[in-house]
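> Could you look at this predicted model? Sequence included:
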Amino acid sequence: MFKNVKNSVLIGLGIGVSVPGVLIVGVWYLMHKIAFLAKADLLLIGCIAVNAILMHYFFKQDKENVGRGIISATFLWAFVFFFYKVSK
């Protein structure tokens, strides 16, 4: 699926923002619908941690620029999570 991806930082940034974003939307829905998951913020960190797996995959495929974009997106998600926890 990702083998034909062009080696670009912007593509990595897009992948790094969209994949955890989709997972976070699903987890957010579950956290608000299932009572015992309401305080399970660790699930959100798990969604962001998926970027580590993606980054490792792209570095193995010798697509360093895509990996750098994914690292940048991970830092963006970390800041979003930090502000979520501070405002809570």
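It's in. Since the model is a prediction, treat every value here as computed from it, not as a measurement.
> which residues does K85 contact?
D41 (C-beta atoms under 8 Å, 6 or more residues apart in numbering). Where you see a C-beta, it was placed from the backbone N, CA and C, and this is true even at glycine.
> Show me which parts of the helix or strand it falls within are buried, residue by residue.
Here K85, judged by DSSP states H and E, is contained in helix 64-87. Buried residues in helix 64-87, counted by 16 or more other C-beta atoms under 10 Å: V66, G67, R68, G69, I70, I71, S72, A73, T74, W77, F81.
> If I look at the nearest residue to the first one once chain neighbours are set aside, what pLDDT would I see?
Nearest-residue entry for V66: G12, 3.7 Å, with adjacent residues in sequence omitted and distances by C-beta to C-beta, 6 or more residues apart in numbering. On the pLDDT scale, G12 is placed at 95.
> G12 contacts G67, doesn't it?
Yes: contact criterion C-beta atoms under 8 Å: G12 and G67 qualify, at 6.3 Å.
> Between the two, which contacts overlap?
In contact with both G12 and G67: F58, using C-beta under 8 Å, 6+ apart.
> Lovely, talk soon.
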